[in-house]
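K.L.:
predicted model, plus sequence, below.
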Amino acid sequence: MPDIAKTVRLHPDDTVAILTEPVQAGSQPLGFGVALDHPVARGHKIALIDCPQGGAIVKFGQVIGYASRPIAAGEHVHVDNCSFGAHDQTYEVGADYEKALASVPKVEPRHFMGYRRANGQAGTRNFIAICATVNCSATVIRRAADEINRSGILADYPNIDGVAAFAHGTGCGMDAGGEGADLLQRVLWGYATHPNVGATVFVGLGCEVMQLARMKALYGNADEGRFFGLTIQESGGTAATIAQIVKHIKSLLPEVNAIHREPIPASELKLALQCGGSDGFSGITANPALGVASDLLVGMGGTVILSETPEIYGAEQLLLRRAASRDIGDKLIARIRWWEDYTRMNRGSMDNNPSPGNKLGGLTTILEKSLGASAKAGSTPLTDVLAYGERITTPGFVFMDTPGYDPVSATGQIAGGAQMLVFTTGRGSAFGSKPTPTIKLATNSRLFADMPDDMDLNCGDIISDGVTVEDKGREILDLVLASASGQKTKSEILGLGDNEFVPWQVGAVM
């Protein structure tokens, strides 16, 4: 019968403990209470005390749900007896700002070996991008990129990481002045001008709503030499357009290759924070360790970007208490209210998240998931709240409003200028991204052993081997800087990232 050593209690106020190993039916995981009538997997919760119906269930020192029936000490706590409910929305904006400010670590400056662009930007990779302005040109750009990448010609240009095709399923049938069009053009321009991109080709059909001329008029013609645009209608059709794209890219190769890595301060790094396929260990191992790495990067003057607004729901009050100003707090509250209205309008609930896989991994409500997810952002002040895909200019810990769906969320972060992305996962993920590399962190040692070709770093040894969260955070930062300097991530080695460009679609499709 497993004893207390097989569980973790995260906070003195918690009413549940987390199993670190699976237990069988008939066992008493805490050595007291009722015997389990079914086996329970690692990462799941066991009640530490009796809880009456309607009573609060506490994890991380915060309410994660309410007992839907009486729960006895030693009982498995999950979807059959724990339900979503109200959480603290007494927002005390900035109440912990001074504490958060004091938590910014004093660390020695560090560098990575990156690409210094002519406009002063710092890149970690050097891609040529082909951006479709509309779904109608998606096949054309994919075939052109594939022709270049498979030809072998890039072997002669070692400073070029590849040709990336950014295709999507929209660009027309939308209100030209609506929010959906604004989001798409912000994303396309963000990718085209990304510091990890050396040159960009825009390709359209010709008659779509999303026009390159409009983007240039809106954002200006900075770095005009980096852009080239054409349309299928004006180029003589599909085959002729592919040939023209390939010819133009071949002419760009010597110039794009004529850049070399040089030391760049880590203060110029913008790190996107993501989690997907989370489990009961996410908020115990990988996410808080990534939070330590985030704090260290902020201490060097760098930037970390937390996103996935539906996946901070229930933890937003903790972020708001760290806000550097009332205006910053109000922007985050406005986005929370928007999401509440949005899900209500579509007859959903903010608790539609967690996913089935999250629940199999031990997560029960969005309140529980969010408290673990927000740990990725560490403990420093919240310095800005950004719209989806908005250019990131404020250093420190910033929040970008995005959906919780990983490809859509990461697309917004990359469009904002993130040159590196760290992705924590407990169930396993095959996520990758371009032009920004993705580093994947396993929350448990079993996953790291089961998916060795996908996971870059194991955080499960925090549980299995007693590695400290602080030491793991430093290890994560070392890996971020090494990857920013050109070390290939597992997703890059596998060639992932071509299908994870997914701009957020909102508004009427007409």
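P.N.:
On my side now, so go ahead.
K.L.:
now for this protein, the helix or strand with the poorest mean pLDDT.
P.N.:
Within the chain, confidence by mean pLDDT, DSSP states H and E is lowest for helix 212-219 among all helices and strands, at a mean of 83.
K.L.:
distance of Asp146 relative to Tyr97?
P.N.:
Taking Cβ to Cβ, to the nearest Å as the criterion, Asp146 is separated from Tyr97 by 50 Å. For glycine as for every other residue, the C-beta is placed from the backbone atoms N, C-alpha and C.
K.L.:
one more: Pro395?
P.N.:
Distance of Pro395 to Tyr97, given as Cβ to Cβ: 16 Å.
K.L.:
then Asp401?
P.N.:
Relative to Tyr97, Asp401 is positioned 21 Å away (Cβ to Cβ).
K.L.:
buried stuff in stretch 254-268?
P.N.:
Residues Val256, Asn257, Ile259, Arg261, Ile264, Ala266, Ser267, Glu268 are the ones in stretch 254-268 that count as buried (16 or more other Cβ atoms under 10 Å).
K.L.:
so can I have TSV of those showing pLDDT, secondary structure and distance to Ile463?
P.N.:
Formatted as TSV, the buried residues of stretch 254-268 follow (pLDDT from 0 to 100; DSSP: H, G, I helix; E, B strand; the rest coil; distance: Cβ to Cβ, whole Å):
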residue	pLDDT	secondary structure	distance to Ile463
Val256	97	helix	45
Asn257	98	helix	45
Ile259	98	coil	43
Arg261	98	strand	37
Ile264	98	strand	35
Ala266	98	helix	29
Ser267	98	helix	33
Glu268	98	helix	34
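K.L.:
return the member of those residues nearest to Val93.
P.N.:
Distance ranking of the buried residues of stretch 254-268 against Val93, using Cβ to Cβ, places Ser267 first at 27.2 Å.
K.L.:
so what's the closest one up against?
P.N.:
Contacts for Ser267 (Cβ atoms under 8 Å, 6 or more residues apart in numbering) come out as Pro109, Met300, Gly301, Gly302, Pro395.
K.L.:
what about burial for those residues, which qualify?
P.N.:
Met300, Gly301, Gly302, Pro395.
K.L.:
what segments of the stretch 51-200 of the chain are strands?
P.N.:
Under the criterion DSSP state E, counting those that start in this stretch, the stretch 51-200 of the chain contains strands at 56-59, 62-67, 76-77, 82-83, 111-116, 122-123, 127-132, 162-166, 197-204.
K.L.:
out of these, the one nearest Ile439 is which?
P.N.:
Using Cβ to Cβ as the measure, strand 111-116 is the one of the strands of the stretch 51-200 of the chain that comes nearest Ile439, at 13.2 Å.
K.L.:
sheet partners, orientation included, of that closest one?
P.N.:
Strand pairing for strand 111-116, determined by DSSP bridges: strand 122-123 (antiparallel), strand 261-265 (antiparallel).
K.L.:
among those, which comes closest to Gly495?
P.N.:
Checking those against Gly495 by Cβ to Cβ gives strand 122-123 as the closest, at 20.0 Å.
K.L.:
quick one, phi psi at the closest residue to His38 other than its chain neighbours?
P.N.:
On the basis of Cβ to Cβ, 6 or more residues apart in numbering, the spatially nearest residue to His38 that is not a chain neighbour turns out to be Ala25, at 5.2 Å. The phi and psi torsions at Ala25 (degrees, to the nearest 10) take the values phi -60, psi 140.
K.L.:
can you get me a residue count around Ala25?
P.N.:
Residue crowding around Ala25 was assessed by other Cβ atoms under 10 Å; the count is 10.
K.L.:
quick one: contacts for it?
P.N.:
If a contact means Cβ under 8 Å, 6+ apart, then Ala25 has Leu36, Asp37, His38, Pro39 as its contacts.
K.L.:
and the buried residues of stretch 254-268, which is closest to Ile439?
P.N.:
When those are compared for distance to Ile439 (Cβ to Cβ), Ala266 comes out closest, at 15.2 Å.
K.L.:
pretty sure the closest one contacts Val304?
P.N.:
No - Ala266 sits out of contact with Val304 when judged by Cβ atoms under 8 Å, with a separation of 11.7 Å.
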